[in-house]
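Novice: next come a sequence and a model predicted from it.
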Amino acid sequence: MGILDKMERKLALKRIPFAVTFEVTKKCNLDCVHCYVDHRDTKHELSIKEQMKIIDELDDLGVVYITFSGGELFNKEGVWDLFEYTRSKNMGFKVITSATTLTKPQMEYLKELGILEVGISIYSDKEEVHDKITKRKGSLKKSVEAATYLSKMGVKVVSKTLIMNVNYKDIRVLYDMMISLGIIPTFDLSIINSENNVRDTKKYSLKKSDIYQLFKDKEVSDILLDSKSMDEYCNMNYNFQPEDPRCSIARSIMWIDSKGDVYPCLVYPEPLGSLKTHSLKDIWYNSDKVKEVLELSKYKNYLSCHVCKANPYCSPCIAMTKLENRKDSCSSGSYYRAFANKELVEGV
Ligand code: SF4
Ligand code: SF4
């Protein structure tokens, strides 16, 4: 366990949100097929001034760094003021972006501000695959050029690849390409339903048998296990004590959307409360919803996991099971990954 992970665990015990993801805007210049964001739903978005007030509240709560995301966050006018304000409070920041609109001077300024990490969505090494996913011709070229420029300047760049049925065959080549460019590759399998059902994201999900096959391919499985972005975010707990939480939900992580709704993690579908009507402190420490999620996340409530042979190999997710409307604690993605991992390790 690294120093930051250790620090996060300690803060989680005190329920100090270590890392907060903050959606600055839902607007985007791409139109990715799998995206969960409704890009038109911008009517009630907070202004930059209001978002700065939230940064004050995050600072008061003890937040260490903020990951700004979108939509495409660079479409929000004033976003650079947010970065400067965050740094003036001595908090760190990361961004998740397609980097398709970034100019070289802007990238240089990100470095000057001391950005901790730039996460760039790259779905394939092939233009015909990536650009079909983003529905924008030339987007792969722009994203890779930006990632390379940032990386050469010494900025930490992480490529974020969602694995779908249209790109899963590219994992190995994409991985090698990212390593050769000095970029840290990460892969993730969780496709989330889109807001307001604006697009059918689920039709890009891998079939269960494909997930199983992916994990049974030792080389691909090693890549996936080595570069699991979501697992790092979730900070899974393998202690299996009844009162212990299995992940960081509502403890050291939090997601705030562009309208000011606060969520206990990036995937959990129900908000804890709105910053338009309550203070962040009030929502985080006193809301009934947060108490409900904290209770739900204790290992003793993961009933199906207690008797499951794949338990030590699994990262069960109460948010995904809620999204799948399941009554037990086992989402389909967790199930197939866990059993394929088990077979791989135990050779059964
Ligand atoms: S596979 Fe399902 S039941 Fe087994 S540990 Fe994972 S989430 Fe729990
Ligand atoms: S509920 Fe799922 S997505 Fe949320 S932190 Fe836990 S494991 Fe991660």
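Specialist: All right, it came through fine. Numbering: from 1, shown residues only. Ligands and ions are numbered 1, 2, ... in the order given.

Novice: is Ile66 in a helix, a strand, or coil?
Specialist: With DSSP: H, G, I helix; E, B strand; the rest coil as the basis, Ile66 sits in strand.

Novice: that one against Leu58, yeah?
Specialist: Yes - contact criterion CB atoms under 8 Å: Ile66 and Leu58 qualify, at 6.5 Å. Just so you know, the C-beta spots here come from the backbone N, C-alpha and C atoms, and that holds for glycine as well.

Novice: find residues that contact each of these two.
Specialist: In terms of CB atoms under 8 Å, 6 or more residues apart in numbering, Ile66 and Leu58 are both contacted by the residues Val20, Phe22, Met91.

Novice: are we agreed that the second one is in a strand?
Specialist: Yes - checked against three-state DSSP, Phe22 lies within a strand.

Novice: who touches the single nearest residue of the stretch 101-250 of the chain relative to ligand 1 in this structure?
Specialist: Distance from ligand 1 to each residue of the stretch 101-250 of the chain (CB to the nearest ligand atom) is smallest for Arg246, at 9.2 Å. Arg246 makes contact with Met236, Asn237, Ser297, Lys298, Tyr299, Tyr302, Pro316, Ile318, according to CB under 8 Å, 6+ apart.

Novice: do you know how far it is from Ile96?
Specialist: 25 Å (CB to CB, to the nearest Å).

Novice: closest to Lys322 among the shared contacts of Ile66 and Leu58?
Specialist: Val20 (20.8 Å; CB to CB).

Novice: is any residue of stretch 267-284 near ligand 2?
Specialist: Yes - using CB under 6 Å from any ligand atom, stretch 267-284 reaches ligand 2 at Val267, Tyr268.

Novice: just checking the distance from that stretch to the centre of its chain.
Specialist: Centroid displacement of stretch 267-284 relative to its chain, using CA atoms, centre = their mean, to the nearest Å, is 19 Å.

Novice: may I have the distance across stretch 295-309, first residue to last?
Specialist: In stretch 295-309, first residue to last residue: 24 Å (CA to CA, to the nearest Å).
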